[in-house]
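Engineer: Pasting the sequence and the predicted coordinates here, then a few questions.
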Amino acid sequence: MIYHHGYASDYDTQKAHFKTLLRAGFAVIAHNLTGYGDSAPFQSWSEAKRPLRAFFEPVVASINYAMDKFGYEDINMMGLSAGGWMTAVAAAMDKRIKRSYPVAGVLPIYLRREKETASPQYYEPMLKAAGYLDMFILGSWGEGRKQLQIFNRYDRCCFANSRGKLYEAAVAEAVGKLGSGAFGVMIDESHARHKLSALGMKAILADVNK
């Protein structure tokens, strides 16, 4: 299981979740968002020729390492906040990610609010290549693949409410028409914080073991 954290903190705050994953039998690779924790600072957008490469290359490299060094074949990914955005985009780009779990971190542009407008998520060349609904389909499609998005209904930070349910059926239908794969949205009403809750983790473990 690849875990990716978001803004304003680092993966050290998620040790309890890592212990849960380890007890469930997963090997865990944890990433901080570039510029946070022990990761390298990010160049300005004007200086970088391929600015998103600094975000996604570590994820691809970690998958390569896990498969080449240890022979892992079942690669899954989850992420919180901006790490949820990372998870959705990475799963769209790399079909080796079988199950993906973006938590409180990504929505189509037309459903976003003021606090949900981080500049990397609006990178124009990326959005010209594929909109977010397209990415959700790409991240879900394929044999043994699924994406389950989790939103905290009462989240006091961002990505609150049940907006994900507005596109759930359409994305799931599109994935079904492609022949294999699955997509779903879960609304977590168990708390009012910007976090992955115990209920959310329980749902992820139940889904990934199906």
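Structural biologist: Structure received. Residues are numbered from 1 along each chain as shown.
Engineer: Low-confidence bits of the protein, can you list those?
Structural biologist: Per-residue confidence for the chain (pLDDT under 70) gives these ranges: 42-47.
Engineer: which residues of the chain fall in strands?
Structural biologist: Assigned by DSSP state E, the strands in the chain fall at 2-4, 29-31, 75-80, 97-103, 146-152, 182-188.
Engineer: Need these in TSV (columns: mean neighbour count).
Structural biologist: Where C-beta positions appear, they are placed from N, C-alpha and C, glycine not excepted. Compiled in TSV, the strands of the chain are given as follows (neighbours: other Cβ atoms under 10 Å):
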stretch	mean neighbour count
strand 2-4	26
strand 29-31	20
strand 75-80	26
strand 97-103	26
strand 146-152	26
strand 182-188	19
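Engineer: which residues of the protein fall in helices?
Structural biologist: Secondary structure of the chain (DSSP state H): helices at 15-23, 53-70, 82-93, 124-129, 132-140, 165-178, 198-208.
Engineer: So which of these is the most surrounded?
Structural biologist: Most buried of the helices of the chain, by mean neighbour count (mean count of other Cβ atoms under 10 Å): helix 82-93, with a mean of 26.
Engineer: Distance-wise, check residue 150 relative to residue 38.
Structural biologist: As for residue 150, its distance to residue 38 is 26 Å (criterion: Cβ to Cβ, to the nearest Å).
Engineer: Can you pull up the most central residue in the chain?
Structural biologist: With distances taken as Cα atoms, centre = their mean, the chain has residue 87 as the residue nearest its mean C-alpha position (2.3 Å).
Engineer: ok, now which ones touch the nearest residue to that one once chain neighbours are set aside?
Structural biologist: With Cβ to Cβ, 6 or more residues apart in numbering as the measure, residue 79 is the residue that lies nearest to residue 87, at 3.8 Å, once sequence neighbours are left out. Residue 79 makes contacts with 3-6, 85-87, 101-103, 105, as judged by Cβ atoms under 8 Å, 6 or more residues apart in numbering.
Engineer: Would you mind giving the strands of the chain as JSON lines with distance to residue 114 added?
Structural biologist: JSON lines is the format used below for those (distance: least, Cβ to Cβ, whole Å):
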{"stretch": "strand 2-4", "distance to residue 114": "23"}
{"stretch": "strand 29-31", "distance to residue 114": "27"}
{"stretch": "strand 75-80", "distance to residue 114": "20"}
{"stretch": "strand 97-103", "distance to residue 114": "20"}
{"stretch": "strand 146-152", "distance to residue 114": "17"}
{"stretch": "strand 182-188", "distance to residue 114": "21"}
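Engineer: which stretch among these comes nearest residue 113?
Structural biologist: Nearest to residue 113 among the strands of the chain is strand 146-152; the distance by Cβ to Cβ comes to 12.7 Å.
Engineer: Please save the CA atoms from that closest one in CSV.
Structural biologist: Provided in CSV are the C-alpha atoms of strand 146-152 (Å, rounded to 0.1, in the frame of the first residue of the first chain):
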residue,chain,number,x,y,z
LYS,A,146,-11.2,0.0,-8.5
GLN,A,147,-11.3,3.5,-7.1
LEU,A,148,-13.2,4.3,-3.9
GLN,A,149,-13.3,8.0,-3.0
ILE,A,150,-13.9,9.0,0.6
PHE,A,151,-15.2,12.4,1.7
ASN,A,152,-15.9,13.6,5.2
